[in-house]
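Asker: Below are the sequence and a predicted model for it; my questions follow.
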Amino acid sequence: MCRFIMAQLAMLLLAALASVSAFAFAPASTARRPTALSVVKFDKATQTWFTDDPEEMDGASYGPIGSLYRAGPKPFFSRIFDADTYDQAVLKYMAGDGCDRKEAQGNMDAFLENPQDWAYQKKCEQNKGVYKKDYANANMEPKQVVLSTVWGLGVVYFLGNLIYTGVNEGMLVGSFHTTMKLLGIEA
């Protein structure tokens with residue numbers, strides 16, 4: 001039991017340390033640099049987007065934890081498991097919209113989280129002149145970050161405890177056979 005508690009505390013500490021970068025303040029830039037096709041280019045030979053500007057390269061803005069806080073698990077897992085496609089989509093958005101990497105990442109995270117709502121918001125911005133939603137800073141107020149962190153750690157703890165208890169105390173051992181019996185199939 002003591003090992004289990006120590007493992008849970010280690011997981012909580014690791015999760016807390018991984019989210020520390022979300023609280024760091026980035027220096028605010030007063031002048032917006034042009035980032036249209038002059039910074040982001042398309043290589044026809046390799047069929048990929050690229051940039052030579054170190055301020056706009058992958059990793060120059062926020063990381064996967066930032067995507068998790070801003071838009072949830074869908075863009076987070078997309079960045080983890082399909083990083084190249086994510087980066088190409090961000091670079092393409094930067095070239096098309098003429099925005100910086102942080103704004104492009106925020107829009108890509110919002111798109112991956114809910115494509116229909118993102119497209120509707122963009123259409124409204126173009127046609128009706130409604131306010132431009134700031135996806136780059138969405139859900140990043142300190143109160144929201146703390147609430148999201150506490151909620152996420154609680155869910156991870158609950159699911160980890162459920163799985164650990166289910167496997168180690170034998171709660172899940174007979175469930176497969178019981179299910180098969182209920183379905184009328186002998187396993």
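Answerer: Structure received. None of these values were measured; they are calculated from a predicted model. Numbering: from 1, shown residues only.
Asker: sec struct for the residue nearest to residue 64 when sequence neighbours are not counted, please.
Answerer: The shortest distance from residue 64 to any residue other than its chain neighbours is 4.4 Å, reached at residue 79 (C-beta to C-beta, 6 or more residues apart in numbering). Yep, even glycine has a C-beta here, placed from its N, CA and C like the rest. The three-state label given to residue 79 by DSSP: H, G, I helix; E, B strand; the rest coil is helix.
Asker: Report the buried residues of stretch 140-153.
Answerer: 140, 148-149 (16 or more other C-beta atoms under 10 Å).
Asker: Might you specify the subset of these located within helices?
Answerer: Using DSSP state H, the subset of the buried residues of stretch 140-153 located in helices is 148-149.
Asker: Make JSON lines from the buried residues of stretch 140-153 and add distance to residue 132 and pLDDT to it.
Answerer: Below are these laid out as JSON lines (distance: C-beta to C-beta, whole Å; pLDDT from 0 to 100):
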{"residue": "140", "distance to residue 132": "17", "pLDDT": "92"}
{"residue": "148", "distance to residue 132": "24", "pLDDT": "93"}
{"residue": "149", "distance to residue 132": "28", "pLDDT": "94"}
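Asker: Go through the buried residues of stretch 140-153 and name the one nearest residue 96.
Answerer: Residue 96 lies nearest to residue 140 out of the buried residues of stretch 140-153, by C-beta to C-beta, at 24.3 Å.
Asker: lowest average confidence, helix or strand, in this protein?
Answerer: helix 2-18 (a mean of 52; mean pLDDT, DSSP states H and E).
Asker: Quick one: list the elements packing against the next helix or strand after it.
Answerer: Next helix or strand after helix 2-18 toward the C-terminus (DSSP states H and E): strand 40-43. The contact analysis (3 or more C-beta pairs under 8 Å, 6 or more residues apart in numbering; DSSP states H and E) places strand 40-43 against strand 48-51, helix 83-97.
Asker: Show me which positions of the last one end up buried.
Answerer: Right, the one you point to is helix 83-97. Applying 16+ other C-beta under 10 Å to helix 83-97 flags 86-87, 89-95 as buried.
Asker: Mind giving me the packing neighbours of that helix?
Answerer: strand 40-43, strand 48-51, helix 73-81, helix 101-113.
Asker: Tell me what angle that helix forms with helix 73-81.
Answerer: If you take axes from the mean of the first three to the mean of the last three C-alpha atoms, to 10 degrees, helix 83-97 sits at 110 degrees to helix 73-81.
Asker: Let's see helix 83-97 as CSV, backbone CA atoms only.
Answerer: Extracted in CSV, the C-alpha atoms of helix 83-97 (Å, rounded to 0.1, in the frame of the first residue of the first chain):
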residue,chain,number,x,y,z
ALA,A,83,4.1,16.2,-34.6
ASP,A,84,5.2,16.6,-38.2
THR,A,85,1.7,17.0,-39.6
TYR,A,86,0.8,19.4,-36.8
ASP,A,87,3.9,21.5,-37.5
GLN,A,88,3.2,21.6,-41.2
ALA,A,89,-0.4,22.7,-40.6
VAL,A,90,0.8,25.5,-38.3
LEU,A,91,3.4,26.7,-40.9
LYS,A,92,0.7,26.6,-43.6
TYR,A,93,-1.6,28.6,-41.4
MET,A,94,1.2,31.1,-40.7
ALA,A,95,1.8,31.6,-44.4
GLY,A,96,-1.8,31.9,-45.3
ASP,A,97,-2.9,34.2,-42.5
